[in-house]
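**Q** take this sequence and fold it.
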Amino acid sequence: MVRDDAGREWESSGVYVATTDGKVDTSVHEPIGGSYRGVDCTGLFWSMNAKGDGGGRVAFCKNSAASDDVSVLVGAEGAQIASATLERRWLAPDTEMRELDAGGVVGSLYIPKERDRRPVIIVLGGSGGGYDLDKAALLSRRGFATLALAYFGIPPLPQWLHRVPLEYFAGAMEWLGAQEEIDAGAIGVLGISRGAELALLLGSHFPQIRAVAAYAPSAVAWSSGGFDKETRQAIPCWTWKDEVIPSAPLPLRGFIARSAIPVGLLRQPVKFCNLFRRALRNRQAVKVAAIPVEQTRGPILLISGGDDKVWPSSQMSKMIVKRLKSCSFAYDVEHLNYPKAGHSLRYPSMPTTARILRSRGVKYPILLGGNAVADAHAQEDAWRHTIAFFNKNL
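**A** Predicted coordinates:
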């Protein structure tokens, strides 16, 4: 059992046949019952469910760098025979934490204990807002300095994702360059979902970014989904030098009408991928809003789930690869696609049982796609590739 950052209790179970000397090794022994199947030493972690949540309607909340205490209970013949508490640490010992202080930019910098100037990875969250302190902390264990950077959703930043100036991120990189422990010539970016869209935009605008890893990425810049009351034009998410970065509009009216019965009456989760697929059929809009990824001054790693129900990240990853090949991109590009995985891939041993997500500004729950087993294996493999990618290129 473990508590997430929202205070919810999560639990899993396994029924095993012990050896003659009473031992169970989850890396060798397959459970004959419980919350997961197959030989998997991390199965008890990723198969956790929130107490009382039988339908995968709650996602594990982890966005801090605080350690988690995991309670393990062992029973035999109906009686508890042993217990232990494991501490799961995101930060390595002696990691220095430094709050970013640069003209309204909000972020937390983690600096691992080393002597040399070290490369830095900027970590960008998605449509939930705030920042991903947990991912940044975990990456810093690998010897990188990491900056968990927020760009909306917490004070003093805008509450919603709209009209975010890319100059904001230039300010963050300038601040990083002033830190004596940081190698400002070796900056990488890791983004998830809308953060992956942003990561690719930043890579195409700022030559100091040397490597981009994009989880569930987009090939185009999307509008915010809202409309300006005066002009009735779609509100953009991103601006640059006081100019709007062209964005593809979302055909919301038709989508809302088609979703009225399954979502409004039957209370089914929203499958947003259909909305984005329809938007991608607008070839002219997609052409105008396409992210100029070929301008990136370093390699690109794309990670997608083939069963992504939030948006078609696999399709858009292929669009990115096709564009880069047509432009004779000078750097490596790799696309890792996991056919049965969904939208929400994090890092190894995180619970993957959630099938829906509640996101900022969306009234109804969102369908994620994938399944617990596929997501667990995908996020473990993708994380390993991500670490190798940054080790090689920064």
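**Q** where along the stretch 1-150 of the chain do the helices fall?
**A** Remark: helices assigned in the stretch 1-150 of the chain by DSSP state H, counting those that start in this stretch are 43-46, 133-140.
**Q** among the ones you listed, which comes closest to Ser67?
**A** Across these, Ser67 has its closest neighbour in helix 133-140 (9.9 Å, C-beta to C-beta). Bear in mind the C-beta positions are built from the backbone N, C-alpha and C, glycine included.
**Q** could you say what helices and strands the closest one packs with?
**A** Packing contacts for helix 133-140, counted by 3 or more C-beta pairs under 8 Å, 6 or more residues apart in numbering; DSSP states H and E, involve strand 106-111, strand 118-124, strand 145-150.
**Q** and the contacts of it?
**A** Identification of contacts with helix 133-140 by C-beta atoms under 8 Å, 6 or more residues apart in numbering yields 62-65, 90-92, 95, 108, 110-112, 121, 123, 146-148, 190, 346-347, 387, 390.
**Q** same check on stretch 351-360?
**A** Here stretch 351-360 has contacts from 10, 45-49, 55-60, 127-129, 153, 160, 269, 310, 342, 344, 365-373, 375-376, 379, using C-beta under 8 Å, 6+ apart.
**Q** in strands only, show me those.
**A** If you go by DSSP state E, the contacts of stretch 351-360 have 10, 49, 366-367 in strands.
**Q** follow-up on the earlier one: out of the contacts of helix 133-140, which end up buried?
**A** Buried members of the contacts of helix 133-140, counted by 16 or more other C-beta atoms under 10 Å: 62-63, 65, 90-91, 95, 108, 110-112, 121, 123, 146-148, 190, 346-347, 387, 390.
**Q** next SSE downstream of the helix or strand bottoming out on mean pLDDT in the chain?
**A** None of the helices or strands of the chain scores lower by mean pLDDT, DSSP states H and E than helix 252-259, at a mean of 71. Proceeding N to C from helix 252-259, the next assigned helix or strand is helix 273-280, under DSSP states H and E.
**Q** for that following helix, packing partners?
**A** Judged by 3+ C-beta pairs under 8 Å, 6+ apart, the packing partners of helix 273-280 are helix 252-259, helix 283-289, helix 313-326.
**Q** which outside residues touch the second one?
**A** Think helix 283-289. 219-222, 246-249, 279-280.
**Q** which of those residues has the weakest pLDDT?
**A** For those, the weakest pLDDT value sits at Pro249, with 89.
**Q** if I look at it, how far off is Trp238?
**A** Pro249 is 14 Å from Trp238, where distance means C-beta to C-beta, to the nearest Å.
**Q** quick one, which of the two is more surrounded?
**A** Under the criterion of other C-beta atoms under 10 Å, the comparison of Pro249 against Trp238 puts Trp238 first, with 25 against 16.
**Q** residues near Glu174, how many?
**A** For Glu174, the number of neighbouring residues by other C-beta under 10 Å comes to 14.
**Q** could you do Leu157 as well?
**A** 17.
**Q** which residues of the stretch 101-250 of the chain fall in strands?
**A** For the stretch 101-250 of the chain, the strands defined by DSSP state E, counting those that start in this stretch cover 106-111, 118-124, 145-150, 164-165, 182-192, 209-215, 223-227, 234-236, 238-240, 243-244.
**Q** for Lys322, find the nearest of those strands.
**A** Proximity to Lys322, assessed across the strands of the stretch 101-250 of the chain by C-beta to C-beta, is greatest for strand 209-215 (15.3 Å).
**Q** tell me the confidence at the closest residue in space to Ser314 that isn't next to it in sequence?
**A** Closest residue in space to Ser314, ignoring its immediate chain neighbours: Ser304 at 4.3 Å, by C-beta to C-beta, 6 or more residues apart in numbering. With respect to pLDDT, Ser304 scores 98.
**Q** ok, the helix or strand encompassing Ser304: who's next to it in the sheet?
**A** Assigned by DSSP H and E, Ser304 belongs to strand 300-305. According to DSSP bridges, strand 300-305 forms sheet pairs with strand 209-215 (parallel), strand 333-338 (parallel).
**Q** how much does it deviate in direction from helix 313-326?
**A** Here the directions of strand 300-305 and helix 313-326 differ by 150 degrees (axes from the mean of the first three to the mean of the last three C-alpha atoms, to 10 degrees).
**Q** okay, angle between strand 300-305 and strand 182-192 too, please.
**A** Using the same axes, to 10 degrees: strand 300-305 against strand 182-192 is 30 degrees.
**Q** how far does strand 300-305 sit from the chain's center?
**A** 11 Å (C-alpha atoms, centre = their mean, to the nearest Å).
**Q** what does that strand contact?
**A** Contacts for strand 300-305 (C-beta under 8 Å, 6+ apart): 200, 203, 211-217, 293, 313-314, 316-317, 320-321, 324, 331-338, 340-343, 345, 369-370, 374-375, 378, 382, 385-386, 389.
**Q** just the buried members of those?
**A** For the contacts of strand 300-305, a burial check counting by 16+ other C-beta under 10 Å picks out 200, 203, 211-217, 293, 313-314, 316-317, 320-321, 324, 333, 335-338, 341-343, 345, 369-370, 374-375, 378, 382, 386, 389.
**Q** so where's the stretch 1-150 of the chain uncertain?
**A** Applying pLDDT under 70 to the stretch 1-150 of the chain flags the ranges 54, 115.
**Q** secondary structure element for Lys340?
**A** Taking DSSP H and E as the definition, Lys340 sits outside all helices and strands.
**Q** and the closest residue to it other than its chain neighbours, how far from Ile235?
**A** Spatially, and ignoring its direct neighbours in sequence, Lys340 is nearest to Ala374 (3.7 Å; C-beta to C-beta, 6+ apart). Distance, Ala374 to Ile235, using C-beta to C-beta: 35 Å.
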